[in-house]
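J.: Show me the folded form of this:
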Amino acid sequence: MLSTNLKYLRKQYNLTQVQLAEKLEIKRSLIGAYEEGRAEPKLVTLMKMAQVFQLSVDELINPNLPNNLKAGNSAKASNVKVLSITVDSQDRENIELVPYKASAGYLNGYADPEFMEELPKFRLPMIQAPGTYRAFEIKGDSMLPIPSGTVIVGRYVERWQEIKDGTPAIVVSLQEGIVFKRIYQQKNQPALRLHSDNPAYEPYEVSLEDVVELWEAKAYISTTFPMAEISLDKLTSLVLDLQQQVHKLKSDK
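T.: Presented below is the predicted three-dimensional model:
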């Protein structure tokens, strides 16, 4: 039903075929062919269409799209965006790794297949649940005891309403970039409240309109091992030993 949806969306956005063709960087005659069902767009063009109309590719080809939009269930309302993925030789989805240095580039290239192809990729056999997964390297101490440099593996969340309060997640937004926080929904407000596990950091809100992607944290990878816990007896012994050393130093003077 792409042909019907494309014509419907173009009229909703008050675009002529020429104007839409310019946005998609294709010939006007192709727009006519798509709307009449005489041709099917390439994947790259389909993704550009989804971006122009702020929809996911799935919604763009959904036969009930006009009814969904009238009911307020569009991607603009739920903040679903076009998601590019890569697959291995067996057609299984990869887990792309977004290093911290690539964070800025990710905001510009998250829907660009070429950018995604350049990212490091891996698989985790222990993660077998259905869904799309991506890994992000985090920096800073706002989520201690998870240290800076940890890689968070997240499952893509299509609709933010599915997130339960207190869920740790990677939030990709135009306002804050890529951050790892606990998410809390704001009732009757178009925003999410982000909390750090480190009490030194104050919670803050991010507008849903600025949220590009949400990834529910499912695992983390770190090369930093936690410090061994010190028992109360051991700590008391260390303090007494320190006091004795201080006392001895004073006596030697």
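
J.: then the longest strand belonging to the chain to CSV, C-alphas only?
T.: The single longest strand within the chain, with elements called by DSSP state E, is strand 211-221. Output in CSV follows, covering the C-alpha atoms of strand 211-221 (Å, rounded to 0.1, in the frame of the first residue of the first chain):
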residue,chain,number,x,y,z
VAL,A,211,14.4,11.7,21.4
VAL,A,212,15.8,9.9,18.3
GLU,A,213,16.2,6.4,19.7
LEU,A,214,15.7,4.4,23.0
TRP,A,215,17.7,1.3,23.8
GLU,A,216,16.7,-0.7,26.9
ALA,A,217,19.9,-1.8,28.7
LYS,A,218,20.2,-5.6,28.6
ALA,A,219,23.9,-6.2,29.4
TYR,A,220,27.2,-4.5,29.9
ILE,A,221,30.8,-5.2,29.1
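
J.: Would you state the helices of the stretch 151-253 of the chain in chain order?
T.: Ranges of helices in the stretch 151-253 of the chain, per DSSP state H, counting those that start in this stretch, are 232-252.

J.: Can you pull out the low-pLDDT segments for it?
T.: By pLDDT under 70, the low-scoring segments of the stretch 151-253 of the chain are 229-230, 235, 253.

J.: distance of the closest residue to Ile26 other than its chain neighbours from Val87?
T.: Computed as CB to CB, 6 or more residues apart in numbering, the closest residue to Ile26 that is not its neighbour in sequence is Thr45, at 6.2 Å. For glycine as for every other residue, the C-beta is placed from the backbone atoms N, C-alpha and C. Taking CB to CB, to the nearest Å as the measure, Thr45 falls 20 Å from Val87.

J.: Tell me which of these two has more neighbours.
T.: Between Thr45 and Val87, Thr45 has the larger neighbour count (other CB atoms under 10 Å), namely 15 against 10.

J.: could you say what helices and strands the host helix or strand of that one packs with?
T.: Secondary structure assignment for Thr45, by DSSP states H and E: helix 43-52. Of the remaining helices and strands, those touching helix 43-52 by 3 or more CB pairs under 8 Å, 6 or more residues apart in numbering; DSSP states H and E are helix 17-24, helix 57-60, helix 113-118.

J.: Name the residues that touch it?
T.: Here helix 43-52 makes contact (CB atoms under 8 Å, 6 or more residues apart in numbering) with 2, 6, 13, 20, 23-26, 41, 56-57, 59-61, 82, 84, 111, 113.

J.: Apply 10 Å and report the result again.
T.: Applying CB atoms under 10 Å, 6 or more residues apart in numbering, the contact partners of helix 43-52 are 2, 5-6, 9-10, 13, 15, 20, 23-26, 30-31, 34, 40-42, 55-61, 75, 80-84, 111-114.

J.: Quick one: mean pLDDT for stretch 133-142?
T.: Mean pLDDT, stretch 133-142: 96.

J.: and that stretch, how far apart are its ends?
T.: One end of stretch 133-142 sits 23 Å from the other (CA to CA, to the nearest Å).

J.: how far does that stretch sit from the chain's center?
T.: Remark: stretch 133-142 is offset 11 Å from the chain centroid, using CA atoms, centre = their mean, to the nearest Å.

J.: what's the angle between the helix or strand harbouring Thr4 and helix 17-24?
T.: According to DSSP H and E, Thr4 maps onto helix 2-12. Relative orientation of helix 2-12 and helix 17-24, computed by axes from the mean of the first three to the mean of the last three CA atoms, to 10 degrees: 100 degrees.

J.: what's the angle from helix 2-12 to helix 43-52?
T.: Orientation of helix 2-12 against helix 43-52 (the same axes, to 10 degrees) gives an angle of 30 degrees.

J.: contacting residues around helix 2-12?
T.: Applying CB under 10 Å, 6+ apart, the contact partners of helix 2-12 are 1, 15-17, 19-20, 31-41, 46, 49, 52-55, 57, 59-66, 69.
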